[in-house]
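A.B. asks: Predicted structure and sequence below. I'll ask about it afterward.
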Amino acid sequence: MSPIRQMNFINTLIAPPGAGKTTWLINNLNENRSQRSIVAFPTKILSTEVQSRLRTLNLKFNAIDSDTVEGSVTQCLETNLLHKNDQIIICTHESLRLIRASTLQGWHVYIDEIPTTWDCETLTFTDISYQAVIAQYIDDSEAGSKQIKAKSACKQLINELTTKHDTTISKEARKLFKSLLDQRYVIEIDPLDAKRNRTVRVIGVKDYVPAFEAAESITIMGAEIEKSLLGVILRGAGWTTLPINADLGFKGYQNKVIIHPFLENKPYSKKIALMRDGKEYNEYQEDCLLDAWLRKDVLRLIGSKRAILAAHAWCTLPLPESNNITPINIDSREINEYDNYSIAVCLQHGNITPIENRSIPTLAEMLSKKRTIDAKDIREAIKYERFYESTLQSVCRTALRLRDHGDQILLFVQDQSIAEFLLDKIQDCIIDNTYSEVVVSGKSSAKTIRESLQQQAVMLWKSGHQEEFIADQVRKTTRTVRNWLKPHKQLKAIQEG
């Protein structure tokens, strides 16, 4: 049966990758041939398998994308939705988001995989270029505000600047001008940095809510929605998810899996991965903590077997000449050609940059339409998508999802938390910390000296000396010594009280 649509409710089919969500979708379309359905995928490639299976069932459909349409895909999709000449239309997430929401009236929307909704961007200008090209069009007169807007009298001129081919305008300036004219974005500007550069933050989300409001029903299929940024956006807009009670016949992956975490006692980050001899560095180099783990343990255990590697560009590990280790995109949802591989190495991370972090309080205000959204909710959602969800999708590109696969699956992952997350999702697996790194942060010499002086000050005080004498002995101000001694005096007062 088709899921029931209620006001401000979204039907959700939540299950791990490879659990049978696609089969459920095809069966549901087949059982509801009389309804008009639009199915949206993250990419054109990901819809290929579904299209093939629909043909097998003699289910006619219209795939509308840049491969099948000359000219505007958005305009073509809107026209076909309005004319209602098709029972099934296939498109991408982005096309669904960009069309006029009203064209979806009478259509049942199915969304495969959770759409990416983060749409915040950082633009950097030199102060000279900002003053010369941008400042004249900007209204930043509101006292105490970081937000900037386009001057009302300049909007027409700004629109012309965004559309004409002028080589004197950078792509960053063009992006800023377009965003200034789009009410869906808030633009904030940071003070000049030490290098006299001006950082401008464009804050927004890829908003699917208007499409959801117009459609006859909405069904979203994915591994998780509540923890995603889309889930946060929907809560802020007053929507509630309604789980579909579907028996997918999924009994687990039924493969023996061993998970090897890189870090045992610390959360994974670029900063820790690049440490060498207890010191922090900005570039990947031989014998940094991650490099040593990869060379000493991971590459040795992989040997000549084939493996996939998901990593950011900063991880410049020289791969073996045998090419048995294949790098894949961090967003690997459309990749299905590695299901005969038994090993995955996952090094992606989910950290929010300091500049991104400055945008999140404003984003939280923007999303708090009917329910209050806390900035913490957004940070957790972004980390979940970039770190946990991304890693789950990566490991499921391997033979893990093949039920009849007999070989052992090896997963080399970032840290203990992601290992435990995968343990919960996969279940039939073991976490092996034999090769995990335990990070020990070395104290700086200055910190060691300071702690020694503090101990000396406490000993002198306990021996009955006055603060002025102690300050002279440790060569610090009386105020510093007083601060060092404060907790010890409070403890003494409690004990004597």
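C.D. replies: Thanks, I have it.
A.B. asks: Could you give the bridge partners of the residue lying closest to Pro327 once chain neighbours are set aside?
C.D. replies: For Pro327, ignoring the flanking residues on the chain, the nearest one in space by CB to CB, 6 or more residues apart in numbering is Leu309 at 4.9 Å. From N, CA and C alone the C-beta is placed, and that goes for glycine too. Counting by DSSP bridges, Leu309 is bridged to Pro327, Val345.
A.B. asks: Tally up the residues packed near Asn340, please.
C.D. replies: Asn340 is surrounded by 11 other residues when neighbours are defined as other CB atoms under 10 Å.
A.B. asks: That one against Ala399, yeah?
C.D. replies: Yes. Counting by CB atoms under 8 Å, a contact exists between Asn340 and Ala399, whose distance comes to 6.1 Å.
A.B. asks: So, low pLDDT: which residues of the protein?
C.D. replies: 1-7, 143-144, 166-167, 334, 404-406, 441-448, 497 (pLDDT under 70).
A.B. asks: How about the contacts made by the residue positioned nearest the centre of it?
C.D. replies: The structure's the chain has its C-alpha centroid closest to Arg386; by CA atoms, centre = their mean the separation is 3.0 Å. With contacts defined as CB atoms under 8 Å, 6 or more residues apart in numbering, the neighbours of Arg386 are 348-351.
A.B. asks: Kindly report the domain assignment for this structure.
C.D. replies: 9-117+208-243, 121-203, 257-355+373-431, 445-496 (automatic domain parsing).
A.B. asks: Looking at the ones you listed, which is nearest to Lys251?
C.D. replies: Taking CB to CB, domain 257-355+373-431 is the member of the domains of the chain nearest to Lys251, at 8.5 Å.
A.B. asks: quick one: that closest one to chain centroid distance?
C.D. replies: 15 Å (CA atoms, centre = their mean, to the nearest Å).
A.B. asks: and if you look at stretch 221-228?
C.D. replies: Shown here is stretch 221-228, whose average C-alpha point lies 13 Å from the average C-alpha point of the whole chain (CA atoms, centre = their mean).
A.B. asks: List the buried residues of that stretch.
C.D. replies: Within stretch 221-228, the residues that qualify as buried are 221-225, 227-228, counting by 16 or more other CB atoms under 10 Å.
A.B. asks: Straight-line length of it, end to end?
C.D. replies: Stretch 221-228 stretches 13 Å from its first residue to its last (CA to CA, to the nearest Å).
A.B. asks: What lies in contact with it?
C.D. replies: Outside stretch 221-228, the residues within contact range by CB under 8 Å, 6+ apart are 12-17, 21, 24-25, 110-114, 117, 231, 234, 241, 380-381, 384-385, 388-389, 392-393, 425.
A.B. asks: Just the buried ones from these, in ChimeraX syntax?
C.D. replies: Selection of the buried residues among the contacts of stretch 221-228 in ChimeraX, burial being defined by 16+ other CB under 10 Å:
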select :12,13,14,15,16,17,21,24,25,110,111,112,113,114,117,231,234,241,381,384,385,388,389,392,393,425
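A.B. asks: Give me the phi and psi angles of the residue lying closest to Leu98 once chain neighbours are set aside.
C.D. replies: The shortest distance from Leu98 to any non-neighbouring residue, by CB to CB, 6+ apart, is to Thr74 (5.0 Å). Note on Thr74: backbone dihedrals following degrees, to the nearest 10 are phi -60, psi -50.
A.B. asks: closest to Leu248 among the buried residues of stretch 221-228?
C.D. replies: Closest approach to Leu248 among the buried residues of stretch 221-228 (CB to CB): Met221, at 10.6 Å.
A.B. asks: Please tell me how far the helix or strand that closest one falls within is from the chain's geometric centre.
C.D. replies: Counting by DSSP states H and E, the element that carries Met221 is strand 217-222. For strand 217-222, the separation from the chain centroid amounts to 20 Å (computed by CA atoms, centre = their mean).
A.B. asks: List the buried residues of the helix or strand sitting right after it along the chain.
C.D. replies: Scanning forward in sequence from strand 217-222, with DSSP H and E defining helices and strands, the next element found is helix 229-236. Applying a neighbour-count criterion of 16+ other CB under 10 Å, one finds 229-236 buried in helix 229-236.
A.B. asks: Among the contacts of stretch 221-228, which ones are in helices?
C.D. replies: Secondary structure assignment by DSSP state H places 21, 24-25, 231, 234, 380-381, 392-393, 425 of those in helices.
A.B. asks: What is the neighbour count of the nearest residue to Ala364 once chain neighbours are set aside?
C.D. replies: Nearest non-adjacent residue to Ala364, counting by CB to CB, 6+ apart: Ala375, 4.4 Å away. Residues near Ala375, counting by other CB under 10 Å, number 16.
A.B. asks: roughly how far apart are the residue nearest to the centre of the chain and Gln414?
C.D. replies: The span separating Arg386 from Gln414 equals 11 Å under the rule CB to CB, to the nearest Å.
A.B. asks: any shared contact partners between the two?
C.D. replies: What both Arg386 and Gln414 touch, as defined by CB under 8 Å, 6+ apart, is the set 348-349.
A.B. asks: Let me have the buried residues of stretch 221-228 in JSON lines, adding distance to Arg475 as columns.
C.D. replies: Listed next are the buried residues of stretch 221-228 as JSON lines, based on distance: CB to CB, whole Å:
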{"residue": "Met221", "distance to Arg475": "67"}
{"residue": "Gly222", "distance to Arg475": "62"}
{"residue": "Ala223", "distance to Arg475": "60"}
{"residue": "Glu224", "distance to Arg475": "57"}
{"residue": "Ile225", "distance to Arg475": "60"}
{"residue": "Lys227", "distance to Arg475": "53"}
{"residue": "Ser228", "distance to Arg475": "55"}
